[in-house]
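Novice: after the sequence you'll find the predicted model.
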Amino acid sequence: MANFRDLLSDQRVHVFDGAMGTVLYGRGVFVNVCYDELNLRSPDLIRDIHRDYVKAGAEVLETNTFGANPVKLAHYGLAADTEAINAGAGRLAREAAGTRAAVLGAIGPLGVRIEPYGEMAVREAEAAFAQQVAGLLEGGVDGFILETFGDVTELGAAVSAIRARSDLPIVAQMTIGTDGKTHYGTDPQTFGPRLQAMGVDVIGVNCSVGPAGVLEAVEKLAKVVTLPISAQPNAGLPREVEDRKIYMASPEYMGQYAKWIVEAGARFVGGCCGTTPEHIREIAKFVQSVSPRHQPVAGTAVAPLPATALPPVPLAQRSRLAAKVAGGEFITTVEIVPPKGVNPAPMFDQCRQLKAAGVDAVNVPDGPRAQSRMGALLSGVMIQREVGIEAVVHYACRDRNLLGMLSDLLGAAAAGLNNLLIVTGDPPKMGPYPDATAVFDIDAIGLTNLVARLNRGLDPGANPLGGTTRFLIAVGANPTAADRERELRRFAWKVEAGAELAITQPVFDLDQLDRFLKDVEQYHVPVLAGIWPLVSLRNAEFLANEVPGVSVPDAVLDRMRRASAAGKEAALAEGVSIAREMITAVRSRVLGVQVAAPMGRVPVVLEVLEGTLRPAAAAASSFSES
């Protein structure tokens, strides 16, 4: 029986197989089928494809288990069958390989983001990979191949899951884009040494952008790693042909590039998406005449120093608002919603009134309740330049992917916009365009991690930026959340990610606020309490019944009900009184307040704030020591 460890030690070039999904599709299996389940449902089909690759010259077979982890299988209701599917796949590949090929258990990404940019913890990812590893070991694999990973941290979780159960060889392959970097912007010079430090046996790239891009990646890896290198490119980039994606690279083209890839340093070559046994046959022919120039000898390559995080700019130096946070001064901000049209002049007038009243900053929501309005970032920049008052921009994850967020934030930093309130964002179904699509590439916790890294001079791939951003990182908090435990867990994760200030939803109940403050006091993060001046009974009932995360006690509703009986002006006056009472009550509890301008009515806010913006040393928050 062929053994992958033997192939590792003989210093020759060896050929991996090609794509499984491409061949299955070509043989009439529709894309809506779980390809991994075919190991149990159509074993003859899978075995025959493996055999075709062996006949074509493949010396290493990968099991048909790229997506056979419990997270992906759950989409088909097959999570409970994870081990059985992987064990079956291992046996099929082993039968097809016979004595002519080694068998590697294929493991791909989970299909969800893990920390620090996703909700899944690394230990949860390890547990998911562990189920797959157990099945593959039962199926008789003699090594593992981790492929098409865009996140080095996730690949590390898979390595840990394997090493906890086996000392079999591991091939670790990342995937790169047209820029030569991973999804998080990590280049081969950076991820190569990181993978080597994990204790894997082969380092490489697969899938990606086709043989030309993979060749460049191999050339870079050969300069920074001492382990054998592998390469499995796609058959070029797919093209749309009559609603189908067709890979255009011919077998001969792939074979020629395989020769160059080996000459650049690869010891193992094969194919990924779009490749077939015909491609592997040509690759095997071309590489027979070459030998790798990259001979791995421990210690011969000098890995570059990893990117070192820079110290963040001291909080007090990031903005005027941040200086007040650092000094424990009472803060007052007011929420101003950007216009729905193209004229910012009314927004500027509102901000001028607030600046004259002594407000510290204006909060600019980012499409609240999924409304289409002027962009929050540009609104914030214009407010600061036109009016001279600082803006706290709400930045939501709903409408942008990770790359878009990174671009926005770098631009905001360059424009001098340094105060951020990071929120996940309201889903489109809440707004007037319920059929609009949302991105939610990451949530508020992941974005907090991203901004905290930018403040230390690193991008998501841990690459240096050449300097640091100066963001004050604020996050949302909900003292009246229906699922209190979940809210507190998420708050703890936000703090761990780098939150420096918390701003709550509108508060109408001091008891609920006190309970929340008691629960989070261990984190020493200052809090601004949300204040919403009620303008009518209808406004109060709307908040109480239709705005998620806001709780209006019966006592407040009763006050608004009684006042409303005397007319609109009386109801408005009562709403102003309630807001004033709340500000007075919270001064000794929190660092400051964020007051909303209901329906854009700034005069109402000014009436609420009248007499409340005096210095209040005696009311300084208990958070000032943080």
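Specialist: Cool, the structure landed.

Novice: CA atoms for contacts and neighbours, from now on please.
Specialist: OK.

Novice: count of neighbours near Thr22?
Specialist: 18 (other Cα atoms under 10 Å).

Novice: contact partners for it?
Specialist: Cys273, Gly274, Thr275, Thr276 (Cα atoms under 8 Å, 6 or more residues apart in numbering).

Novice: pLDDT weak spots in the stretch 251-400 of the chain?
Specialist: 289-307, 369-370 (pLDDT under 70).

Novice: low pLDDT regions in this protein?
Specialist: 1, 237-248, 289-307, 369-370, 429-433, 611, 613-626.

Novice: for it, what's the longest helix?
Specialist: helix 568-586 (DSSP state H).

Novice: what about stretch 63-75, distance to the chain center?
Specialist: Remark: stretch 63-75 is offset 21 Å from the chain centroid, using Cα atoms, centre = their mean, to the nearest Å.

Novice: residues contacting that stretch, please?
Specialist: With Cα under 8 Å, 6+ apart, stretch 63-75 has contacts from 20, 34-36, 39, 46, 78-80, 82, 85-86, 89-90, 92-93, 103-111, 128-129, 131-132, 147.

Novice: how does it look with 7 Å?
Specialist: With contacts defined as Cα atoms under 7 Å, 6 or more residues apart in numbering, stretch 63-75 is touched by 20, 36, 79, 82, 86, 89-90, 93, 104-108, 110-111, 128-129, 132.

Novice: the stretch 401-550 of the chain: strands as residue ranges?
Specialist: Using DSSP state E, counting those that start in this stretch, the strands of the stretch 401-550 of the chain run over 419-423, 472-477, 501-506, 527-531.

Novice: most neighbours among the contacts of Thr22, which one is it?
Specialist: For the contacts of Thr22, the largest number of neighbours (other Cα under 10 Å) sits with Thr275, at 28 neighbours.

Novice: residues in contact with that residue?
Specialist: Gly18, Ala19, Thr22, Asn234, Ala235.

Novice: now render the residues you listed as CSV, adding distance to Lys494 and secondary structure.
Specialist: Below are the contacts of Thr275 laid out as CSV (distance: Cα to Cα, whole Å; DSSP: H, G, I helix; E, B strand; the rest coil):
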residue, distance to Lys494, secondary structure
Gly18, 42, coil
Ala19, 41, coil
Thr22, 42, helix
Asn234, 39, coil
Ala235, 42, coil
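
Novice: ok, the residues you listed vs Ile445, which is closest?
Specialist: Minimum distance to Ile445 across these is 34.0 Å, recorded for Asn234 (Cα to Cα).

Novice: list the contacts of the closest one.
Specialist: Contacts of Asn234 by Cα under 7 Å, 6+ apart are Cys207, Ser208, Val209, Gly210, Pro211, Gly271, Cys272, Cys273, Gly274, Thr275.

Novice: my guess is the fifth one meets Tyr257, correct?
Specialist: Yes. Here Pro211 lies in contact with Tyr257, judged by Cα atoms under 7 Å, at a distance of 6.1 Å.

Novice: neighbour count for those two, which is higher?
Specialist: Pro211 (28 against 21).

Novice: so how far is His14 from the more buried one?
Specialist: Distance from Pro211 to His14, counting by Cα to Cα, to the nearest Å: 17 Å.

Novice: what does Thr148 give?
Specialist: 20 Å.

Novice: before we move on, what about Thr65?
Specialist: In terms of Cα to Cα, Thr65 sits 21 Å off from His14.

Novice: between the two, which has more neighbouring residues?
Specialist: Thr65 (26 against 22).

Novice: any idea which helix or strand carries that one?
Specialist: Using DSSP states H and E, Thr65 sits in no helix or strand.

Novice: for Gln232, same thing?
Specialist: strand 229-233.

Novice: and if you look at Pro312?
Specialist: Counting by DSSP H and E, Pro312 is part of no helix or strand.

Novice: contacting residues for it?
Specialist: Asn455, Arg456, Thr468.

Novice: just give the number of residues close to the first one.
Specialist: Look at Asn455: counted by other Cα under 10 Å, it has 25 neighbours.

Novice: Thr504 versus that one, what's the distance?
Specialist: Distance from Asn455 to Thr504, by Cα to Cα: 24 Å.

Novice: which of the contacts of Asn234 fall in helices?
Specialist: Those of these lying in helices (DSSP H): Pro211.

Novice: in strands, which of the contacts of Asn234 fall?
Specialist: Under the assignment DSSP state E, the contacts of Asn234 contribute Cys207 to strands.

Novice: so what touches stretch 448-459?
Specialist: 116-117, 309-312, 422, 460, 464-471, 494, 497-499.

Novice: now the end-to-end length of it.
Specialist: OK, stretch 448-459 end separation, Cα to Cα: 13 Å.

Novice: what's the offset of that stretch from the middle of its chain?
Specialist: Worked out by Cα atoms, centre = their mean, stretch 448-459 lies 13 Å from the chain centre.

Novice: do stretch 18-25 as well
Specialist: So, by Cα atoms, centre = their mean, the centroid of stretch 18-25 is 29 Å from its chain's centroid.

Novice: which of the residues in that stretch are buried?
Specialist: When neighbours are counted by 16 or more other Cα atoms under 10 Å, the buried residues of stretch 18-25 are found to be Gly18, Ala19, Met20, Gly21, Thr22, Val23, Leu24.

Novice: wait, the first one sits on Glu278?
Specialist: No. Assessed by Cα under 7 Å, Gly18 is found out of contact with Glu278, at 9.3 Å.

Novice: if we can go back for a sec, direction included, what does the strand holding Gln232 pair against?
Specialist: Paired strands of strand 229-233, with direction, are strand 202-207 (parallel), strand 268-269 (parallel) (DSSP bridges).

Novice: ok, then the element right after the shortest one?
Specialist: Yep, that's strand 268-269 we're talking about. helix 277-287.

Novice: figure out how far that next one is from the centre of its chain.
Specialist: Per Cα atoms, centre = their mean, the centroid offset for helix 277-287 relative to its chain is 38 Å.

Novice: what's next to the helix or strand following it, contact-wise?
Specialist: Where DSSP H and E defines the elements, the next helix or strand beyond helix 277-287 is helix 320-327. Residues outside helix 320-327 that contact it (Cα under 7 Å, 6+ apart): Leu315, Ala316, Gln317, Asp360, Leu472, Ser624.

Novice: buried sites along the helix or strand where Ala158 lies?
Specialist: In this assignment (DSSP H and E), Ala158 forms part of helix 152-163. The neighbour-count check on helix 152-163 (16+ other Cα under 10 Å) flags Val152, Thr153, Glu154, Leu155, Gly156, Ala157, Ala158, Val159, Ser160, Ala161, Ile162, Arg163 as buried.
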